[in-house]
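# can't give you the sequence, but here's the structure:
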Ligand SMILES: [Zn+2]
């Protein structure tokens with residue numbers, strides 16, 4: 001009896017673990033702190049050597065603004081998408097989305113955005129920190145201090161350096177009351 005039970009236990013240990021490799025969704029291209037980054041865009045800023053550090057400093061500024069920390073983004077994937085719109089559940093096509101992961105478009109009115117600071121990343125980090133899918137919090141309309149902190153950085157176009165305008169309009173959303 002005892003010997004038979006031991007043999008059974010040993011046999012169970014040989015179950016292959018290959019199935020685990022298929023789990024976990026998209027492999028990130030690189031990581032910034034605990035967040036994975038996936039690039040599905042050929043916008044010049046996503047190909048620039050400083051892209052990871054620009055994401056980091058932009059997210060850092062956003063977390064400061066929203067009162068969050070990197071732990072709010074642990075396990076989150078940030079996708080930079082070259083399509084004009086990203087899918088966002090029942091919200092339909094959007095310039096950005098947070099649904100546990102973050103997706104932002106790198107196009108604005110058909111033009112390539114020139115820097116990460118000008119995407120809606122800061123807005124979506126806000127959802128990651130405070131939720132507020134209905135945009136009730138007044139901070140959605142008051143990005144001036146944050147835009148100021150990110151101003152004056154280099155932008156990138158296909159033809160070379162470009163301006164980088166962290167335009168507050170891109171991130172704003174009128175509070176829904
Ligand atoms: Zn929003």
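Arrived safely, thanks for sending. Computed from a predicted structure; not experimentally measured.
# got the contact list for the residue nearest the centre of the chain?
Nearest to the geometric centre of the chain sits residue 78, at 2.7 Å (Cα atoms, centre = their mean). By Cβ atoms under 8 Å, 6 or more residues apart in numbering, the contact set of residue 78 is 32, 35-38, 55, 101-104, 121. Yep, even glycine has a C-beta here, placed from its N, CA and C like the rest.
# so what's it closest to, chain neighbours aside?
Leaving aside its chain neighbours, residue 78 sits nearest to residue 102 (4.6 Å; criterion: Cβ to Cβ, 6 or more residues apart in numbering).
# same check, this time on residue 133
Using Cβ to Cβ, 6+ apart, the nearest residue to residue 133 is residue 127, at 6.8 Å.
# Over to that neighbour: give its phi and psi.
phi -60, psi -40 (degrees, to the nearest 10).
# Can you point out the helix or strand that includes the residue nearest to the centre of the chain?
strand 77-81 (DSSP states H and E).
# Could you pick out the longest helix of the chain?
helix 51-66 (DSSP state H).
# Rounded mean pLDDT for that helix, please.
The pLDDT scores in helix 51-66 average 96.
# I'd like to know which elements it is packed against.
strand 30-32, strand 35-40, helix 121-130, helix 144-149 (3 or more Cβ pairs under 8 Å, 6 or more residues apart in numbering; DSSP states H and E).
# rerun at 7 Å
When contacts are defined as 3 or more Cβ pairs under 7 Å, 6 or more residues apart in numbering; DSSP states H and E, helix 51-66 packs onto strand 30-32, helix 121-130, helix 144-149.
# Need the residues that contact it.
Outside helix 51-66, the residues within contact range by Cβ atoms under 7 Å, 6 or more residues apart in numbering are 30, 32-33, 37, 45, 69-70, 115-117, 121-122, 125-126, 129-130, 146, 149-150.
# Show me where the chain dips below the pLDDT cut-off.
In the predicted model, the chain carries pLDDT under 70 at residues 1-25, 168-171, 177.
# and residue 83, that one's in a strand?
No: under DSSP: H, G, I helix; E, B strand; the rest coil, residue 83 falls outside any strand and is assigned coil.
# Report how many residues lie close to it.
13 (other Cβ atoms under 10 Å).
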